[in-house]
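Student: sequence plus predicted model, see below.
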Amino acid sequence: QVQLAESGGGLVQAGGSLRLSCTASGRTRSSYTMGWFRQAPGKEREFAAAISWSGLNTYYADSVKGRFTISRDNAKGTAYLQMNSLKPEDTAVYYCAAGSNAWTIVAGDFGSWGQGTQVTVSS
């Protein structure tokens, strides 16, 4: 089992940027897909971005494509989500998740989840 901890959330004005980090501990020798999901107040959790173990495959939700960039540093056991041109509708709790070594963007395939970090974008 991989334990995950997110950091980097906060309050930012519309148009600003934030970089979220997700540090893994525990069983990190196994390869795994990393994903970022988010949940806005009163809404269901939704997929934002995912990256394969090698970093060669990435995938983004249409709502964040072109503004968010997912990356990872396996030597540090850390994944990142660079968020630019933030909008008020990006306000949510952001969760990182670790899946198996198979490529996936389905929330149910991710077995390890962090506690989440709040991102608030003011207009």
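Tutor: Yep, that arrived.

Student: the residue sitting nearest the centre point of the chain: which element?
Tutor: Taking Cα atoms, centre = their mean, the centroid of the chain lies closest to residue 36, which sits 2.3 Å from it. Residue 36 belongs to strand 34-39 when assigned by DSSP states H and E.

Student: partners of that strand in the sheet?
Tutor: Using DSSP bridges, the strands paired with strand 34-39 are strand 46-51 (antiparallel), strand 92-98 (antiparallel).

Student: list of residues touching that strand?
Tutor: Under the contact criterion Cβ atoms under 8 Å, 6 or more residues apart in numbering, strand 34-39 has outside partners 20, 22, 45-51, 68, 70, 72, 79, 81, 90, 92-99, 104-105, 107, 110, 116, 119. (Glycine included, C-beta is placed from N, CA and C.)

Student: that older thread, how about the strands paired with strand 34-39 in a markdown table, adding mean neighbour count and distance to residue 58?
Tutor: A markdown table is the format used below for the strands paired with strand 34-39 (neighbours: other Cβ atoms under 10 Å; distance: least, Cβ to Cβ, whole Å):
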| stretch | mean neighbour count | distance to residue 58 |
| --- | --- | --- |
| strand 46-51 | 22 | 5 |
| strand 92-98 | 24 | 14 |
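
Student: closest to residue 13 out of those strands?
Tutor: strand 92-98 (16.3 Å; Cβ to Cβ).

Student: CA atoms of that closest one as CSV?
Tutor: The C-alpha trace of strand 92-98 is given here as CSV (Å, rounded to 0.1, in the frame of the first residue of the first chain):
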residue,chain,number,x,y,z
ALA,A,92,-12.2,22.3,-5.0
VAL,A,93,-10.4,19.9,-2.7
TYR,A,94,-7.7,18.3,-4.8
TYR,A,95,-6.7,14.7,-4.2
CYS,A,96,-3.8,12.7,-5.5
ALA,A,97,-4.2,9.0,-6.1
ALA,A,98,-2.0,6.0,-6.9
